[in-house]
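# I would like the atomic coordinates for the input below:
(one chain, ligands or ions: 2)
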Amino acid sequence: MSSQAIELLRREHAVLDRELQQRLLEVGELAGATPERATVLQQGLLRWVERVIEHDDWEERVLFPAVDKHSGSGGHAFTATLRHEHQLTARWLADLRRLIREGASSSVIARRADQLLGLLMAHLETETAVLEHVLETVTSDHVFQRDMLARLSRPPPPEEPDDD
Ligand SMILES: [Fe+2]
Ligand SMILES: [Fe+2]
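Numbers count the residues shown, from 1 in each chain. Ligands and ions are numbered 1, 2, ... in the order given. Predicted structure coming up:
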């Protein structure tokens, strides 16, 4: 049976992945949207990326320290690349926000938004492939479980209803 930590992460990532697919569709809609619709889509995208950044903060505060401690990577933090991608996400969000504020064309905004979503897609996939694998190997460690669960500072996202 999977540990609580892995289940928590999987559930959160599954929700983000589903929402990311929706944002991709919306960005595809941007170039041909009316100004009113474009504003709705852009503001929705900004709010969603802010939510992703809250998730990133949670990972850095709760998950990554425990992973680094138990991954045996010594002074070289195992999660260094993932943390850097979190910084990139925040920077590219600021850039997107600036473009929108300055009234850039829909095609320019859509291109930047597409790049940001591509970054997030790759980041999610890396975390799923690498981080969850590491968690699988270390979560049998009762010390990890204790550290991890002690750091959980918010309830997990709600269960998603089955599609079938
Ligand atoms: Fe992350
Ligand atoms: Fe994540």
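# show me the shaky parts of the chain.
Low-confidence segments of the chain (pLDDT under 70): 1-5, 138-164.
# what do you get if the cut-off is 80, keeping everything else the same?
Across the chain, the ranges flagged by pLDDT under 80 are 1-8, 62, 66, 69-76, 132-164.
# most distant residue from the middle of it?
Distance from the C-alpha centroid of the chain, by Cα atoms, centre = their mean, peaks at Thr34 (29.0 Å).
# which elements pack onto the helix or strand harbouring Ala94?
In this assignment (DSSP states H and E), Ala94 forms part of helix 80-101. Based on contacts counted as 3 or more Cβ pairs under 8 Å, 6 or more residues apart in numbering; DSSP states H and E, the elements that helix 80-101 packs against are helix 35-58, helix 106-126. Placement of C-beta: from N, CA and C, glycine included.
# please tell me how far the residue farthest from the centre of the chain sits from Arg47.
Using Cβ to Cβ, to the nearest Å, one gets 20 Å for the distance from Thr34 to Arg47.
# do the same with Gln115
Taking Cβ to Cβ as the measure, Gln115 falls 19 Å from Arg47.
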